[in-house]
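Student: model the following, please.
(2 chains)
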Amino acid sequence: MKKRLLLLVLLGNVPSAKAEPAMDHQHHNMADMSAEDMEAMEEPKHPAATPKPHQHPVDAEPEPHQHGVDVAPEPHQHGVDAAPEQHQHGVDAVPEQHQHDVGVAAGLHQHTGHTAANDRPPKDARDPDAYSDGYDFGPGIAHSHKEEHPLAALLVDRLEGLGTGSQSLMTYDWQAWYGKTADRVVIRAEGNIDAGQFTEARNEALWGHALTPFWDTQMGIRYDAGAGPERSWATFGLQGFTPYWLYVEATAYIGEQGRVAFRIENEYDLLITQRLILQPRIEANFYSQDDAGRGISSGLSDFESGLRLRYEIRREFAPYIGVEWSTVPTVNHIDSRTDTTRWVAGVHFWF
Amino acid sequence: MPPFVPARRHFLKGLAATGIASLLPAECRAASAEVLSGTAFTLTIAQTMVNFTGTARPATTVNGSIPAPTLHWREGDTVTLTVVNELAETTSIHWHGLILPYEMDGAPGISFNGIPPGSRFTYRFKVQQSGTYWYHSHSGMQEQTGLYGAIVISPATETIVADRDYVVQLSEWTDEDPLAVFAKLKKQSDYYNFNQPTAVDFIHDVAHDGLGAALDKRAMWNEMRMSMTDLADISGYTYTYLINGKTAADHWLGLFQPGERVRLRFINSAAQTFFDVRIPGLSLTVVHADGQPIVPVSVDELRIGPAETYDVLVSPSQQAYTVFAQSMDRSGFACGTLAVRAGLSAPVPTPDKPEPLTMTDMMGAMSGPVAVHHAKSEYGASVDMRVDTPRTNLDDPGVGLRNNGRRVLTYADLRSVEGIISDQRPPGRDIELHLTGNMERYSWSLDGVPFDESTPIHFRYGERLRVIFVNDTMMSHPMHLHGLWSDLESSDGQVQVRKHVVVVQPAQRVSFRVTADARGYWPWHCHLFYHMHGGMFRVVVVA
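Tutor: This next block holds a predicted model:
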């Protein structure tokens, strides 16, 4: 969900972003650090020497005196070779250099007390499985907090009526997901309804995957309905937050007949009070080819920028009012474009 | 599985906030926890309707009360506890801080299979220690919905003389289904935080401190995509804070006679709340920490983390005092009264203004060659921050208590009395673990690995080892190792105090020694309930 903090990009000039070489904001550098890599490195090196599970008949009197004898997990045999070089490190690393006199280290002052995530692990990073010495849980492990349970969510970011004097239409923009922290099915949809007819409808079915701490990859398909011929696309996107909490959806599309498209959406939540939130928003669509049937011109096909003021009656329910400016170049570049300014009123809600 | 289908319905009323409680017949008032003593106990876990807020909601109770009955044991006795499950779901009871065979520890799936609906389980073990402890469910969401009670163990010879002895059990209640609370945090992790920096605050700061300072104050946090006001994930927005099962409006009362010495056994049984406790007008002489005797230290205030216990002595001389326990994020408080008779009360303080986290909480010492070894699994989506230069200062009372004009207890003040920590061997090796998380995704882990992707941690039977925790997050984590003591080291590496919960502050490095003298499987986790649920959990194998 979208984070709401005070925007400084607009106010300051992002001073520390440049002054902080240790912070790596190149999220895309992580692209080759896939989930598979992560899983691989977390895989136990040896399945191994599993302690025996201990069955407790319910109602039966337990025999505490035998504890420790019959349940003692078998002595490990993998302590040394279990996790080759990293193991040594995890076990032996710190012993003598218990340096606690942190303030004393004059001259070594660095401004990097922390690291933003995203960078690569150093060569000597610990193996998190080294402490297991090859032990596994055995079949008995079934703690109720062990398994992550999937969740479902629906966020209707915008459901609004637009008034331009002569005509009115409804716009919707929602996203739903089902899954766990790192992997989820995502459905995104955005479109316009005019007099009960879909004039524009972009529907996306995606697989979302946590790539870095603040960014998800989203890959799948897009299907355009509404006025004009229907279009299908393969979809590759990123969704997440830049430093300073700018929300970004950036998606590339490859369609039939060599069509390529790109869409970017940014939102920012500026808290005026704890519940009154001003949200600037922009959205731009780019296409490689004209598509006259759908009223699309190549290049920047449309650009919207809006400002919405919502009030969170509850976190999950916030009516809003706003204004939106949109620019739609006319198809075939006949040196004209349509600029529209609309007042909007709608609701933002989720559950 | 419908979480709230009661097997048997009780009804108990726990609220006087509306003023109607006093009009209700006595049996509908809050059932105070009964005190059970002896060596054989029957504890019946069931669904009970409670009302702390004006709305009747189902709770998980033992023998019909919140808190569960206080159990009085004697050191050296063998106790038998028959737990009857009348819930529609599996349950369990974990005896928190007790040294016992691991099969009696009560963590389902790890120590035993849990107690299925409609069945019973008998715990039996020898009581090898004395002091103040507690017990709670280790299944599902039952701890948040009320399944917690106090354990008071009399020593063979009592060394602390007091005229009165009260359990002061702190906790919190929500009318929401705890699973819904967790789901909200997953979808919007700052859902319950209504103390976020706003444009109005910004204008204030500009007016007071100038534009540059106001920008500086926010720049690093926003650049890092962190919140300087994330003091508690869950606030008074949903929580009602309790002392011995009573709301602030329903005031718990402890009686005394002037001149008496009163022992207060503070237990934090809250799922997610750190409490800052004080009794205006009284000095608190802390004599026990986590059930174990310490060299007495007198303070005005103490912060108690989830699952910690502190025994304090007070010597009241006036007519009435307020026991005041404000939540760490200052969004609410629990309070009760110590008085010479019912009907008296003392002024209730207003909660302090919440203080934002500081650079110390984000970056630690910010300098110095502190040996930090991040795990390679910390370099992924599960970890939003790593601390490279953690601080090791135990004399920091923590955010919100720094320089507040009161003498506040810190870990540096805690020293076990002679003879408590008998294993004087130096540690044979170090185990370093990093407390990690991603606040935006609300996922929690150790070394960046959540429980469901982890492997166990092996302690060799009989060894003395050192554990090093580095907190790579900006929240305090009360880390609880079942079945084995955590002997906290001072910042220069000397053994200092015996605990069963070690609170690690943001960007802090702490170390403690463990003697692996109990074979079996032991949970090791953050005692913030929603962090445990979110993956900050390990299993230790002692073999």
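
Student: use CA for all of it now, contacts and neighbours both
Tutor: OK.

Student: look at residue B:217 and give its secondary structure.
Tutor: helix (DSSP: H, G, I helix; E, B strand; the rest coil).

Student: what does residue A:293 give?
Tutor: Quick answer, by three-state DSSP: residue A:293 is helix.

Student: which bits of the stretch 151-300 of chain B sit near chain A?
Tutor: B:183, B:187-188, B:190-191, B:194-200, B:215, B:218-220, B:222-225 (CA under 8 Å from any CA of the partner chain).

Student: what ranges does the stretch 201-350 of chain B have for its strands?
Tutor: B:239-243, B:252-255, B:262-268, B:275-278, B:284-289, B:292-299, B:301-304, B:309-314, B:320-327, B:333-339 (DSSP state E, counting those that start in this stretch).

Student: one step back: in helices, which of the residues of the stretch 151-300 of chain B next to chain A appear?
Tutor: Members of those lying in helices (criterion: DSSP state H): B:183, B:187, B:199-200, B:215, B:218-220, B:222-224.

Student: can you tell me which of those residues has the most neighbours?
Tutor: residue B:219 (24 neighbours; other CA atoms under 10 Å in any protein chain shown).

Student: quick check, pLDDT for that one.
Tutor: Predicted confidence (pLDDT) for residue B:219: 87.

Student: do the same with the one 10 residues further on
Tutor: Reading off the per-residue confidence, residue B:229 sits at a pLDDT of 92.

Student: list the contacts of it.
Tutor: B:193, B:195-197, B:355-357 (CA atoms under 8 Å, 6 or more residues apart in numbering or on different chains).

Student: could I get those as CSV with pLDDT and neighbour count?
Tutor: CSV is the format used below for the contacts of residue B:229 (pLDDT from 0 to 100; neighbours: other CA atoms under 10 Å in any protein chain shown):
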residue, pLDDT, neighbour count
B:193, 97, 19
B:195, 95, 20
B:196, 95, 19
B:197, 93, 21
B:355, 94, 17
B:356, 93, 18
B:357, 93, 20
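
Student: local confidence estimate at the residue nearest the centre of chain B?
Tutor: Against the mean C-alpha coordinate of chain B, by CA atoms, centre = their mean, the closest residue is residue B:306 at 0.6 Å. On pLDDT, residue B:306 comes in at 98.

Student: next one: residue B:119 from chain A, what distance?
Tutor: Residue B:119 is 7 Å from chain A, where distance means CA to the nearest CA, to the nearest Å.

Student: what's in contact with the helix or strand harbouring residue A:233?
Tutor: Assigned by DSSP states H and E, residue A:233 belongs to strand A:231-242. The set of residues external to strand A:231-242 that reach it, using CA under 8 Å, 6+ apart, is A:206, A:214-225, A:247-256, B:225.

Student: kindly recompute the last result at 7 Å.
Tutor: Strand A:231-242 has contacts (CA atoms under 7 Å, 6 or more residues apart in numbering or on different chains) with A:214-224, A:247-256.

Student: tell me which strands that strand pairs with, and in which orientation.
Tutor: strand A:215-226 (antiparallel), strand A:246-255 (antiparallel) (DSSP bridges).

Student: tell me the buried residues in the longest one?
Tutor: Residues of strand A:215-226 classed as buried: A:215-226 (neighbour count, 16 or more other CA atoms under 10 Å in any protein chain shown).

Student: try stretch B:399-412
Tutor: Those would be B:399-401, B:407-412, for stretch B:399-412 by 16+ other CA under 10 Å.

Student: swap in stretch B:72-81?
Tutor: B:72-76, B:79-80.

Student: inside helices: which ones of the residues you listed?
Tutor: Going by DSSP H, the helices hold none of the buried residues of stretch B:72-81.

Student: closest to chain A among the residues you listed?
Tutor: residue B:80 (9.9 Å; CA to the nearest CA).

Student: check what pLDDT that closest one gets.
Tutor: The model's pLDDT for residue B:80 equals 98.

Student: got a list of what it touches?
Tutor: B:39-41, B:122-125.

Student: returning to what we had before: the ones in helices among the residues of the stretch 151-300 of chain B next to chain A: which two are farthest apart?
Tutor: B:183 and B:215 (33.4 Å; CA to CA).

Student: residues of the stretch 301-450 of chain B that sit close to chain A?
Tutor: Residues of the stretch 301-450 of chain B lying near chain A by CA under 7 Å from any CA of the partner chain: B:363-371, B:373-377, B:379-389, B:392, B:429-432, B:438, B:441, B:447.

Student: one step back: quick one: the strands of the stretch 201-350 of chain B as JSON lines, columns for distance to residue B:137 too.
Tutor: Converted to JSON lines, those look like this (distance: least, CA to CA, whole Å):
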{"stretch": "strand B:239-243", "distance to residue B:137": "18"}
{"stretch": "strand B:252-255", "distance to residue B:137": "24"}
{"stretch": "strand B:262-268", "distance to residue B:137": "15"}
{"stretch": "strand B:275-278", "distance to residue B:137": "21"}
{"stretch": "strand B:284-289", "distance to residue B:137": "22"}
{"stretch": "strand B:292-299", "distance to residue B:137": "23"}
{"stretch": "strand B:301-304", "distance to residue B:137": "20"}
{"stretch": "strand B:309-314", "distance to residue B:137": "17"}
{"stretch": "strand B:320-327", "distance to residue B:137": "23"}
{"stretch": "strand B:333-339", "distance to residue B:137": "22"}
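
Student: as JSON lines, those strands with distance to residue B:97 and mean neighbour count would be great.
Tutor: Formatted as JSON lines, these follow (distance: least, CA to CA, whole Å; neighbours: other CA atoms under 10 Å in any protein chain shown):
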{"stretch": "strand B:239-243", "distance to residue B:97": "21", "mean neighbour count": "25"}
{"stretch": "strand B:252-255", "distance to residue B:97": "26", "mean neighbour count": "21"}
{"stretch": "strand B:262-268", "distance to residue B:97": "12", "mean neighbour count": "25"}
{"stretch": "strand B:275-278", "distance to residue B:97": "20", "mean neighbour count": "24"}
{"stretch": "strand B:284-289", "distance to residue B:97": "11", "mean neighbour count": "25"}
{"stretch": "strand B:292-299", "distance to residue B:97": "10", "mean neighbour count": "19"}
{"stretch": "strand B:301-304", "distance to residue B:97": "15", "mean neighbour count": "23"}
{"stretch": "strand B:309-314", "distance to residue B:97": "10", "mean neighbour count": "24"}
{"stretch": "strand B:320-327", "distance to residue B:97": "23", "mean neighbour count": "25"}
{"stretch": "strand B:333-339", "distance to residue B:97": "24", "mean neighbour count": "25"}
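
Student: and residue A:290, how far from residue A:253?
Tutor: For residue A:290, the distance to residue A:253 (CA to CA, to the nearest Å) stands at 15 Å.

Student: circling back to that earlier point, mean pLDDT added to the strands paired with strand A:231-242, as a markdown table?
Tutor: Compiled in a markdown table, these are given as follows (pLDDT from 0 to 100):
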| stretch | mean pLDDT |
| --- | --- |
| strand A:215-226 | 96 |
| strand A:246-255 | 97 |
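
Student: make JSON lines from the ones you listed and add distance to residue B:320 to it.
Tutor: As requested, the strands paired with strand A:231-242 are arranged in JSON lines below (distance: least, CA to CA, whole Å):
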{"stretch": "strand A:215-226", "distance to residue B:320": "55"}
{"stretch": "strand A:246-255", "distance to residue B:320": "53"}
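
Student: and these: which comes nearest residue B:155?
Tutor: Closest among the strands paired with strand A:231-242, using CA to CA: strand A:215-226, at 55.2 Å.

Student: name the residues that touch the closest one?
Tutor: Residues beyond strand A:215-226 that count as contacts (CA under 7 Å, 6+ apart) turn out to be A:198-211, A:230-241.

Student: from the residues you listed, list just the buried residues.
Tutor: Of those, these count as buried by 16+ other CA under 10 Å: A:198-211, A:232-241.

Student: for residue B:504, see how far away the closest residue in space to residue A:170 that isn't next to it in sequence is.
Tutor: Leaving aside its chain neighbours, residue A:170 sits nearest to residue A:161 (4.5 Å; criterion: CA to CA, 6 or more residues apart in numbering or on different chains). For residue A:161, the distance to residue B:504 equals 50 Å [CA to CA].
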